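[1] got a predicted model here, sequence first, then my questions.
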Amino acid sequence: MTGIGIIGSGAIASVHVESYERYAAECEVKAVCDTFKAKAEDLIAGKALNAAAYDDYKKLLSDPAVEAVSICLPPSTHASVTIDALKAGKHVLVEKPMASSLEECDLMIEAARASGKVLAVVSQNRYKTPVAKLKTMLDEGAIGKVVYASFDSLWWRGQVYYDLWWRGTWAQESGGSFMSHAVHYLDLMHMIFGMPATVSATITNINHDNSECEDLGFVVFNYGDKIVHFTSSLVSHGERQSITVEGEKGSIGVPWTVSACSPLPNGFPKENEEAKAALEHRYREIPDLPAEGHDAQIANFLRAIEGKEPPAVDGLEGRRTMELIVAIYKSSTMGGPVSLPIASTDAFYRKETMIASMPKFHEKKKSVDNFSESKITLGRDLGR
Ligand SMILES: NC(=O)c1ccc[n+]([C@@H]2O[C@H](COP(=O)([O-])OP(=O)(O)OC[C@H]3O[C@@H](n4cnc5c(N)ncnc54)[C@H](O)[C@@H]3O)[C@@H](O)[C@H]2O)c1
């Protein structure tokens, strides 16, 4: 029975608690922390937990009942709290984004190595049935050689979203739509295709005047043998996250979509019904995931603690997403394509020197400690 500590009792914390509760035979939440202690107490009362409330995460880390922690804090704190937790001998599941910089990621990875404890980064979209089926089919070569893919991370957030004290600042949120939202689909992109050779990006803030950071951006990832086009938006009404992959033999995507063309004598397309039916059949044949989202990732975290399987997204895997984001910020600011990897001598490797190079799109003029509404949405149902 693994004792769990929840650090940070805001919007995402209750999602973690509910997922741990689904595995009550393997774990129990023993402690909850927030600088606003009343939020920790409310979470404990609301979920009827038999847990201690703390106002300081260091007190939670010295609680012997806690063996593993979920870090549900603002991004700027992820690295220092993760490192303190690992040094205290706790396993760590840290919310996305993994950290604020590549340097911080490397310090976290080193702390995990030195402690021998599990470090896992939340990437719950890997555990969505259509995503898992897409990956299986691409690995099987179902559409032949992939030539082009497009990833659309299209969300919408109202202006007041950025009034929360840590949001909309390079120092606290560590970035805009790429760091906060597109981080999910960037993770899926390198899970599916690996890392690109070069990254060319442009970012802007088009409609959120209480944020220093971007709310819209476009990227071309060049893999040499294929191109991935990626859009990150917080100005798109009705959340639409999607992936489309074009191969020589057909096209498949998430939410599930399938198409296949063969050429007429003049090169114009004719629907290839046979190829489409085969792709459709294979998609239906692959079993659904037994659990999805945070539930599935927390199950993986618990099994990793017991040494039964590796964490699906460990520090190195989480760092890859950070490297893509850093390359996007570097390309959009310096102009032109950025080659990967980013060297540790690069100004964009460290948070302070990266921020010094970034534009402040707007001045953050309004800041609130908490919203009256704590409910959030986690991304739409991608179907089956
Ligand atoms: N995986 C997802 O889909 C998903 C969704 C939402 C948020 N998140 C991530 O979860 C993290 C938290 O986001 P949120 O929306 O829950 O934010 P939030 O502001 O609602 O909650 C954060 C909580 O941490 C507390 N806090 C801040 N600094 C602290 C400290 N040093 N010690 C103890 N408590 C402290 C705050 O008082 C607040 O209650 C962010 O990294 C965010 O990107 C992930």
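    On my side now, so go ahead. Numbers count the residues shown, from 1 in each chain.

[2] show me where this structure has helices.
    With helices called from DSSP state H, the chain shows them at 13-22, 37-46, 57-61, 78-87, 102-115, 129-139, 177, 183-193, 273-285, 293-305, 315-334, 351-357.

[3] quickly compare these and say which is most buried.
    Among the helices of the chain, helix 177 has the highest mean neighbour count (mean count of other C-beta atoms under 10 Å), at a mean of 26. Every residue, glycine included, has its C-beta placed from N, CA and C.

[4] would you map the strands across the stretch 101-250 of the chain?
    Per DSSP state E, counting those that start in this stretch, the stretch 101-250 of the chain carries strands over the ranges 119-121, 146-156, 198-204, 216-222, 227-233, 235-247.

[5] which one, of the helices of the chain, ends up nearest to Ser372?
    Smallest distance to Ser372 across these (C-beta to C-beta): 12.9 Å, for helix 37-46.

[6] any idea how far the closest one is from the chain center?
    Centre-to-centre, helix 37-46 and its host chain are 26 Å apart (C-alpha atoms, centre = their mean, to the nearest Å).

[7] what does stretch 84-94 give?
    Counting by C-alpha atoms, centre = their mean, stretch 84-94 comes out at 20 Å from the chain centroid.

[8] what's in contact with it?
    2, 5, 7, 16, 57-58, 61-62, 66-71, 78, 82, 108, 111-112, 114-115, 117-122, 297-298, 301, 304-305, 318 (C-beta atoms under 8 Å, 6 or more residues apart in numbering).

[9] what about the ligand: which of those touch it?
    Checked against the ligand using C-beta under 6 Å from any ligand atom, the contacts of stretch 84-94 yield the following neighbours: 7, 57, 122.

[10] who wins for proximity to His237 among the helices of the chain?
    Short answer: helix 177, nearest of those by C-beta to C-beta, at 14.7 Å.

[11] what's the mean pLDDT across the closest one?
    Across helix 177, the average pLDDT comes to 98.

[12] may I ask you to confirm that Gly383 is in contact with Thr257?
    No. If you go by C-beta atoms under 8 Å, Gly383 and Thr257 don't touch, sitting 10.1 Å apart.

[13] the more surrounded of these two?
    Of the pair Gly383 and Thr257, Thr257 is the one with more neighbours under other C-beta atoms under 10 Å, namely 14 against 10.

[14] correct me if wrong: that one contacts Glu246.
    No. Using C-beta under 8 Å, Thr257 is not in contact with Glu246; the gap is 11.3 Å.

[15] just the strands of the stretch 101-250 of the chain: most buried one?
    strand 119-121 (a mean of 28).

[16] list of residues touching that strand?
    Here strand 119-121 has contacts from 82, 86, 91-94, 96, 98, 108-109, 111-112, 297, 300-301, 304, 311-315, 317-318, 321, using C-beta under 8 Å, 6+ apart.

[17] can you pull the contacts of Glu26?
    1-2, 302, 306 are the contacts of Glu26 under C-beta under 8 Å, 6+ apart.

[18] let me know the pLDDT of Ser374.
    Ser374 is given a pLDDT of 74.

[19] how much space between the residue nearest to it when sequence neighbours are not counted and the ligand?
    Spatially, and ignoring its direct neighbours in sequence, Ser374 is nearest to Ala11 (5.6 Å; C-beta to C-beta, 6 or more residues apart in numbering). In this view, Ala11 and the ligand are 4 Å apart by C-beta to the nearest ligand atom, to the nearest Å.

[20] tell me if I'm right that Ala11 and Ile376 touch.
    Yes. Taking contacts as C-beta under 8 Å, Ala11 lies within contact range of Ile376: 4.4 Å.

[21] in contact with Val254, which residues?
    128, 130-131, 134, 242-243, 382.

[22] thank you kindly, that will do.
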